[in-house]
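[1] Attaching a predicted model along with its sequence, questions to come.
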Amino acid sequence: MFERLKKKWNLNSNFQVLIILFVFSITGSAALYVRKGVFDLVGITEATSLWIKVPLYIVTVVPAYQVLFLLIASVFGQFRFAWEFEKKTFSRFIPKKK
């Protein structure tokens, strides 16, 4: 598994793979804390309709995750990987000019 990820992500070592996997896991957890804070601030409860919760979830968690990913990756010395990963991810959503 590590060799496959090293090749796919163009990494140098198994340790770097471990760091990046750790960054992904910390970022996911941190993004959920942001969501909880925003939902509490806005007053979203269990009784709130999914028609309100889902769009608010997307609007808060997606940008928060992207920013947190860059910040946390920077702390662990993996900013370059995170920046390239995000550029590649977002390029899939932007149509290419012909």
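    Good, I have the coordinates.
[2] C-alpha only now, for contacts and for neighbours.
    Fine.
[3] Give me the distance from the helix or strand containing I26 to the chain's centre.
    Element membership for I26 (DSSP states H and E) is helix 14-42. Relative to its parent chain, helix 14-42 has a centroid offset of 7 Å by Cα atoms, centre = their mean, to the nearest Å.
[4] next one: stretch 13-21
    That offset, for stretch 13-21, works out to 17 Å (Cα atoms, centre = their mean).
[5] So which residues make contact with that stretch?
    The list of residues contacting stretch 13-21 from outside it, by Cα atoms under 8 Å, 6 or more residues apart in numbering, reads 2-3, 5-6, 11, 73, 76, 78.
[6] and with 7 Å instead?
    Stretch 13-21 has contacts (Cα atoms under 7 Å, 6 or more residues apart in numbering) with 2, 6.
[7] Now that stretch - C-alpha only, CSV.
    Extracted in CSV, the C-alpha atoms of stretch 13-21 (Å, rounded to 0.1, in the frame of the first residue of the first chain):
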residue,chain,number,x,y,z
SER,A,13,9.7,7.8,1.7
ASN,A,14,7.3,5.7,3.7
PHE,A,15,7.7,8.3,6.5
GLN,A,16,6.4,11.0,4.2
VAL,A,17,3.4,8.8,3.3
LEU,A,18,2.7,8.4,7.1
ILE,A,19,3.0,12.1,7.6
ILE,A,20,0.6,12.9,4.8
LEU,A,21,-1.9,10.3,6.0
